[in-house]
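Enquirer: fold the following, please.
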Amino acid sequence: MSDFNGRLVNILKQNTEFIDENNDLIKEKVINSALKDDNILLEILLKNDETKEYFFKNIHNFLIFNKDKFIKFISKRYLFNSITDFKNK
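Expert: Got it, this is the predicted structure:
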């Protein structure tokens with residue numbers, strides 16, 4: 001799953017609003033975009049087959065964004081990285 005994390009970060013970085021001056025992903029902006037069903041975020045995720053399959057459900061040929069799954073995934077990924085960064089200091 002860690003490979004997926006890296007690919008997801010690179011996919012999300014396509015939107016320059018999601019990155020800071022150090023080219024790090026800004027978790028809060030990504031989550032806020034998900035909460036607002038932001039078209040740019042959804043388009044980025046839908047362009048990639050892996051993220052489309054993981055974060056969307058196909059119901060009667062309609063793709064439904066699983067916002068909760070996406071937000072939990074982003075939150076857990078960054079919580080884990082924050083703990084690892086703290087332990088390494």
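Enquirer: what's the burial count for Leu42?
Expert: Look at Leu42: counted by other Cβ atoms under 10 Å, it has 19 neighbours. Quick note: C-beta positions are derived from backbone N, CA and C, even for glycine.
Enquirer: now Leu35
Expert: When counting by other Cβ under 10 Å, one arrives at 11 neighbours for Leu35.
Enquirer: go on, Leu12?
Expert: A total of 21 residues lie near Leu12 under the criterion other Cβ under 10 Å.
Enquirer: and the gap between it and Glu28?
Expert: Shown here: Leu12 relative to Glu28, a distance of 13 Å by Cβ to Cβ, to the nearest Å.
Enquirer: now do Ile64
Expert: When distances are taken as Cβ to Cβ, Ile64 and Glu28 turn out to be 24 Å apart.
Enquirer: lowest average confidence, helix or strand, in the chain?
Expert: helix 67-88 (a mean of 69; mean pLDDT, DSSP states H and E).
Enquirer: list the buried residues for stretch 10-30?
Expert: 11-12, 15, 18-19, 25, 27, 29-30 (16 or more other Cβ atoms under 10 Å).
Enquirer: what's next to that stretch, contact-wise?
Expert: Defining contact as Cβ atoms under 8 Å, 6 or more residues apart in numbering, one finds that stretch 10-30 is touched by 9, 33, 40-41, 44-45, 47-48, 51, 74-75, 78.
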